[in-house]
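Novice: need coordinates for the following:
(chains A and B)
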Amino acid sequence: MLEWINEFISRNLVTLIKILGFPGLIFILVFIIFAVWYQRKYLARLMLRMGPVHAGKVLGWLQLIADALKLLAKEIIVPRESMGKIFLLSAITLPVVPAAAIALIPFAKNYMILSVKGFTLPLFLAIMTLYPILIVLMGWSANNKFTIIGAFRSIYLDIAGEIPMILSAIGVMLWAGSYDLQEIIEAQKSIWFIVPQFLGFIVFLISYLAMIEKVPFDIPEAESELVFGYKTEYTGAVFLDTMLGDYVNLLAWALLMNTLYFGGYLGPSITGDPIIDGSIWTLVKLIIIITLTFTIIISYARLRIDQAVRLGWNYLIPLGVLNIVLTVFIKYILLGG
Amino acid sequence: MKDMLPYRYHPFNEIVELEGGLFQVNMGPQHPISGQGRFIVITDGEIVYKIEMDIGYSHRGIEKILENRSFIQGIIPLERMVMLDTSNIVMGYVMAVEKLYGVEPPPRAQYIRTIIMEFNRIISHLYALGLFAESAGWNPAIFLWTTADREPVLDILEMITGARWSYSFFIPGGVRADLPNGVKERILTTLDYLENRVRVYEDAWIYNETFRMRTEGVGVLPRSKAIEWGAAGPNLRVSGVPYDTRKNEPYAAYGELDFKIVTHTAGDSYRRGWARVEEIKVSIDIIRQAIENMPEGRIRVALPPKPVEEEVLTRVESARGEINFYVYTEGRDRPYRVKISPASFRNFYVIEMLPTIQTIRFADVPPIIYSFDPWFLDADR
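Specialist: Numbers count the residues shown, from 1 in each chain, chains lettered A, B, ... in the order given. So this is what the prediction gives:
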């Protein structure tokens, strides 16, 4: 019996490390703890506050764990009028969708959880389209006015944000000449795609903010109008799970932005080991991207849903198409492929 | 036309399905943005048909309490009406008492009052700006900035009056104490600091593109309606009515100081926020002039034993607009009846009437309401 386990572990050691360790489960959880702490501290400094200081002696690093334990200890309330099973299941499934998409992202050369070749970028986008469906289920099943309005707003916003996102991804695919995330990164060896695909990057950045549903596009949540949007009725551990979903979603999209425009794991060698080097550069770039995200979060007011949708359809989609046309023109006609 | 829409008013049900697919959304009293009251919003999806301000959650019967107190004791409960803006509120009552007794406070007291009232206006407007920014979906950055910038002003008020919020400093016949040593320099440096900070607010907030998108052309209050519905304060002035009690019916030292009234013709939410930033600048200017022209002399006069008048009406410009005091006394040292007409109450009526003249979206309700600088405690009394 034990021998069988030993053999299984020794044969699948790398896969197990990938799934459970880095860049799998433990990495995602640790990164989320870091991201929430970092968001709290960084935003607090911009707001002339200290942020958490008490739990954990140094910089309040235990605060998130204390908050999580508090939420776990709370009662899970299922509203009487809600569709109980869908209400709970949709929230519990929420973090799984972006986590599944993260499995496709290469963290170093040939180092990803799901070692598939080929259509990984379309697959990534396809998996991420499941996320809004779960949000709609959450808002609908809770049977509350605030949640339903929040879910409807989420549909509008996701349609307005996802299409420009896909258009800008098509620009990258055309420029790199590949559907594969790793080959897209390898194609950036000479120059990161943020330079030749700058127009596409602008479209991507704005639709990225819409997809992670943070200010200025936190319209489905909209604390000052909808209390907490589609998450209003969740309590305790299930609420913690929805928060987890939020941050895994942020992580997945930030990793995609890094992969498409900032050269993914590329960077000068530090230790000599390609896997460690790639991972370090991925994380460094990831932190820069979330710092940029949090700076945007603090600097703007929330748009209205009609303004956000108009921004998506009137400006981002034409710009995305223009980007594709320019990419084809420059890459395949001026530079001759 | 909107009066004929098929909705029925349900006062207390939490989940109500109205005819025609309309929603009744109760914002408050336990809503993140509502404050100490409730607004009932009746919507069709995102379009708002009716806003109803449900006040009275914090009614403390201040008018009745004043009847059971002597004039000077009445100042303390009266301050609880608007804790941000205590001196402007108290000024109306103190003026009424002075008129009843037929005394005129010495000019130095009037100048000290003017300085304190303008500082109160500044901290009240700063708070209003923070809440307005938060209602438009800002992370509470602006709110915390303005809260932090109120601190130096509160320090000065503590230096002059001995208290940071509830001063009880104005009394019938003058003020309680003279300015302490060294306060003038402190005031001038604080005013310089505030001027710089106001510039920061303009850069980060007033000229911010998303904020303009959210509030420009939203909740427009035209001039005729502003007069008809009785809007008060900056909300009236940005609709193109240059009415300011400080100018039109000067009290304290305002008659001797030279300042401008902030007006605009747009009358939308954006300009209502802008007007508060501009009024902070005007207040800074007024305080500078008052410090410069401060006369010497006594700071209070004694009241005669009996009131000489029976009834009196006074009006002052509080941060939220004009506030009226009607005081009737039977020749005793306490009022027989006090009637207060606060500015927030009239502004709430304007908010209720706004959906009748224009299309308002649900997401615009909090910015519109907070652009009027509502204060439920003020309206409840």
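Novice: what does chain A put close to chain B?
Specialist: Along chain A, the residues adjacent to chain B under the rule Cβ under 8 Å from any Cβ of the partner chain are A:43, A:46-49, A:81, A:144-146, A:149, A:152, A:215-216, A:218-219, A:222-225, A:227, A:297-307. C-betas here are computed from N, CA, C, even on glycine.
Novice: only the buried subset of those, as a PyMOL command please.
Specialist: Remark: buried members of the residues of chain A next to chain B, expressed as a PyMOL selection using 16 or more other Cβ atoms under 10 Å in any protein chain shown:
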select buried, chain A and resi 43+46+47+49+144+145+146+149+152+215+216+218+219+222+223+224+225+227+297+298+299+300+301+302+303+304+305+307
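Novice: which of the residues of chain A next to chain B fall within helices?
Specialist: Under the assignment DSSP state H, the residues of chain A next to chain B contribute A:43, A:46, A:145-146, A:149, A:152, A:223-225, A:297-299, A:305-307 to helices.
Novice: nearest to residue B:324 among those?
Specialist: Distance to residue B:324 across these (Cβ to Cβ) is lowest for residue A:224, with 31.8 Å.
Novice: okay, the closest one: pLDDT?
Specialist: On the pLDDT scale, residue A:224 is placed at 65.
Novice: so what's the residue in the stretch 51-200 of chain A that chain B sits nearest to scoring on pLDDT?
Specialist: Chain B sits closest to residue A:145 of the stretch 51-200 of chain A, with a gap of 5.5 Å, by Cβ to the nearest Cβ. Note on residue A:145: pLDDT of 75.
Novice: what do you get for residue B:278?
Specialist: pLDDT for residue B:278: 90.
Novice: got the contact list for residue 300?
Specialist: Picking chain A for this. Neighbouring residues of residue A:300 by Cβ atoms under 8 Å, 6 or more residues apart in numbering or on different chains: A:215, A:216, B:138, B:208, B:210, B:211.
Novice: meant chain B actually
Specialist: By Cβ under 8 Å, 6+ apart, the contact set of residue B:300 is B:105, B:106, B:109, B:171, B:173, B:174, B:175, B:176.
Novice: nearest to residue B:58, of the ones in helices among the residues of chain A next to chain B?
Specialist: Distances from residue B:58 to these, taken by Cβ to Cβ, are shortest for residue A:224, at 20.5 Å.
Novice: residues near the residue of chain B found nearest chain A, how many?
Specialist: As assessed by Cβ to the nearest Cβ, chain A sits closest to residue B:137 within chain B, at 2.4 Å. Residues lying near residue B:137 (other Cβ atoms under 10 Å in any protein chain shown) number 27.
Novice: if we ignore the residues flanking it in sequence, what's nearest it?
Specialist: Nearest-residue entry for residue B:137: residue A:302, 2.4 Å, with adjacent residues in sequence omitted and distances by Cβ to Cβ, 6 or more residues apart in numbering or on different chains.
Novice: ramachandran angles for the one you found?
Specialist: Torsion angles at residue A:302 (phi, psi; degrees, to the nearest 10) stand at phi -80, psi 140.
Novice: give me the distance between it and residue A:312.
Specialist: Note on residue A:302: its distance to residue A:312, by Cβ to Cβ, to the nearest Å, is 15 Å.
Novice: ok, which stretches of the stretch 151-300 of chain A are helices?
Specialist: Assigned by DSSP state H, counting those that start in this stretch, the stretch 151-300 of chain A shows helices spanning A:181-186, A:198-212, A:223-226, A:236-261, A:274-299.
Novice: can you pull the buried residues of the last one?
Specialist: If I follow you right, that is helix A:274-299. A:277-283, A:285-286, A:289-290, A:293-294, A:296-299.
Novice: what does the stretch 51-200 of chain B put close to chain A?
Specialist: The stretch 51-200 of chain B comes close to chain A at residues B:133, B:134, B:135, B:136, B:137, B:138, B:139, B:140, B:141, B:144, B:145, B:148, as judged by Cβ under 8 Å from any Cβ.
Novice: neighbour-wise, which one of those residues leads?
Specialist: The member of these that has the most neighbours, counting by other Cβ under 10 Å, is residue B:136 with 31 neighbours.
Novice: list the contacts for that residue?
Specialist: Contacts of residue B:136 (Cβ under 8 Å, 6+ apart): A:224, A:301, A:302, B:211, B:214, B:215, B:366, B:367, B:370.
Novice: do you know the pLDDT at it?
Specialist: You'll see residue B:136 listed with a pLDDT of 82.
Novice: what distance do you get for it to residue B:218?
Specialist: Distance, residue B:136 to residue B:218, using Cβ to Cβ: 10 Å.
Novice: I'd say residue B:322 and residue B:316 touch.
Specialist: Yes. When contacts are counted by Cβ atoms under 8 Å, residue B:322 is listed as touching residue B:316 (7.3 Å).
Novice: common neighbours of these two, please.
Specialist: Joint contacts of residue B:322 and residue B:316 (Cβ under 8 Å, 6+ apart) are residue B:245.
Novice: tell me the contacts of the residue in the stretch 201-337 of chain A positioned nearest to chain B?
Specialist: At 2.4 Å from chain B, residue A:302 is the closest residue in the stretch 201-337 of chain A, using Cβ to the nearest Cβ. By Cβ under 8 Å, 6+ apart, the contact set of residue A:302 is A:215-219, A:222, A:224, B:136-138, B:210, B:214, B:363.
Novice: repeat for residue A:185
Specialist: Contacts of residue A:185 (Cβ under 8 Å, 6+ apart): A:106, A:259, A:263, A:264, A:265, A:266.
Novice: residue B:181 versus that one, what's the distance?
Specialist: 70 Å.
Novice: again with residue B:340
Specialist: Going from residue B:340 to residue B:181 by Cβ to Cβ gives 37 Å.
Novice: please apply the same query to residue B:32.
Specialist: According to Cβ to Cβ, residue B:32 stands 45 Å off from residue B:181.
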